[in-house]
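J.: take this sequence and fold it.
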Amino acid sequence: QVQLVESGGGLVQAGDSLRLSCAPSGRTLSTLALGWFRQAPGKEREFVAAINYSGSATRYTDSVKGRFSISRDSAESTVLLQMNGLTAEDTAVYSCAARPLNIDTSPAQWYYWGQGTQVTVSS
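T.: Numbering: from 1, shown residues only. This is a model prediction of the structure:
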């Protein structure tokens with residue numbers, strides 16, 4: 001069993017930055033792919049970004065490429081999502097997810113989920 005705890009959400013203005021953190025426990029970080037998904041009101045959950053178990057591969061949805069960056073902090077056993085140039089379209093509940101080893105963009109393929117953290121961007 002893996003527990004995921006997210007932090008770092010909040011209310012910001014368009015153009016600002018936020019950094020989300022996800023701290024997994026219950027399983028070695030090096031065996032897990034970690035990802036971020038988001039769900040806006042009235043919309044389906046969508047893939048945002050993910051990093052594989054070794055940190056050698058990352059993937060982003062097109063709308064965040066060049067603005068968001070996902071990374072692993074092995075010393076702190078956390079995964080970070082740096083979000084720059086935020087827009088109102090980024091407003092959503094962001095959830096951290098984990099699955100064994102490699103990246104998948106389908107939410108159904110991720111085994112473990114955090115509670116989510118709200119990100120609100122005012123325009």
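J.: residue closest to the middle of the protein?
T.: Among the residues of the chain, residue 36 comes closest to the average C-alpha position under CA atoms, centre = their mean, at 2.3 Å.
J.: and the helix or strand encompassing that one, what does it pack onto?
T.: Secondary structure assigned from DSSP states H and E places residue 36 in strand 32-39. In terms of contacts (3 or more CB pairs under 8 Å, 6 or more residues apart in numbering; DSSP states H and E), strand 32-39 is packed against strand 18-25, strand 46-51, strand 68-73, strand 92-100. All C-beta atoms are positioned from the backbone trio N, CA, C, and that covers glycine.
J.: among these, which is nearest residue 86?
T.: Of all the helices and strands packed on strand 32-39, strand 18-25 sits nearest to residue 86, with 6.6 Å by CB to CB.
J.: would you mark the buried spots in that closest one?
T.: 18, 20-24 (16 or more other CB atoms under 10 Å).
J.: could you give the angle of it to strand 68-73?
T.: Angle, strand 18-25 to strand 68-73, by axes from the mean of the first three to the mean of the last three CA atoms, to 10 degrees: 40 degrees.
J.: ok, strand 18-25: who's next to it in the sheet?
T.: Next to strand 18-25 in the sheet, as set by DSSP bridges, lie strand 3-7 (antiparallel), strand 78-83 (antiparallel).
J.: quick one, the last one and strand 32-39 angle?
T.: With the same axes, to 10 degrees applied, the angle from strand 78-83 to strand 32-39 works out at 40 degrees.
J.: give me the mean pLDDT for strand 78-83.
T.: The average pLDDT within strand 78-83 is 96.
J.: strand 46-51 and that strand, what's the angle between them?
T.: Counting by the same axes, to 10 degrees, strand 78-83 lies at 130 degrees to strand 46-51.
J.: chain center to strand 78-83: distance?
T.: The chain centroid and the centroid of strand 78-83 are separated by 7 Å under CA atoms, centre = their mean, to the nearest Å.
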